[in-house]
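J.: I would like to see how this sequence folds:
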Amino acid sequence: MRYVTLVGALLGLAACGPSGGEDNESANSAATSLPSGFPQAELSARGAECVVYLGLSIQANVTPAGRDAPIMQQAADQWQAAMRIDGHMSDVEVEQLIASSVNPLSSTSAAQRDGASAWCVDNAPEPDPEG
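T.: Predicted coordinates:
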């Protein structure tokens, strides 16, 4: 699947960013801190940022506000589906937008990254295939 390859690439790129093994308790307490300008108003930008933040949190092996890796992965899948279905984007467009968001977002502080990840899980869209 393309998504699995994309997530692998994101995590590979993110490996130069914050390292794993961060203290989950401190990440949980800081989950309310959001990066400046987040969330974006436009679905495609918001979705790309969420997929990246969620991937970075999974890679860092943290559980922002109690959200574990399977929950964050499901939310990332929902954001990508919304970009394709509701945002009318092709697979290639989605992949390119996400990939172009990795480097700018990888330097986000752990507290802000985890706050964004928690927000992304709580606000993951339910794409409408009919829409």
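J.: just the helices in this structure please.
T.: Counting by DSSP state H, the chain has helices at residues 2-14, 24-29, 43-59, 69-85, 91-106, 110-122.
J.: avg pLDDT for the first one?
T.: Think helix 2-14. Averaging the model's pLDDT scores along helix 2-14 yields 47.
J.: The second one now?
T.: Along helix 24-29, the predicted local confidence has a mean pLDDT of 42.
J.: Quick one, grab the pLDDT at residue 90.
T.: Confidence at residue 90, expressed as pLDDT, is 97.
J.: which residues touch the closest residue to it other than its chain neighbours?
T.: In this structure, residue 90 finds its nearest non-sequential neighbour in residue 84, 7.6 Å apart by CB to CB, 6 or more residues apart in numbering. The C-beta positions use only the backbone N, C-alpha and C, and glycine is treated the same way. Contact analysis of residue 84 by CB atoms under 8 Å, 6 or more residues apart in numbering lists 90, 91, 94, 127.
J.: I'd like these written out as JSON lines, with neighbour count and distance to residue 33 added.
T.: Below are these laid out as JSON lines (neighbours: other CB atoms under 10 Å; distance: CB to CB, whole Å):
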{"residue": "90", "neighbour count": "10", "distance to residue 33": "34"}
{"residue": "91", "neighbour count": "13", "distance to residue 33": "33"}
{"residue": "94", "neighbour count": "24", "distance to residue 33": "27"}
{"residue": "127", "neighbour count": "18", "distance to residue 33": "28"}
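J.: Can you tell me which of those residues is nearest residue 38?
T.: residue 94 (18.8 Å; CB to CB).
J.: correct me, but the closest one touches residue 81?
T.: No. The criterion here is CB atoms under 8 Å, and residue 94 misses it with residue 81 at 9.4 Å.
J.: what sits up against stretch 39-54?
T.: Contacts of stretch 39-54 (CB under 8 Å, 6+ apart): 10, 14, 38, 72-73, 75-76, 79-80, 82-83, 86-87, 89, 94, 97-98, 100-102, 105-106, 108, 113, 116-117, 119-121, 123-125.
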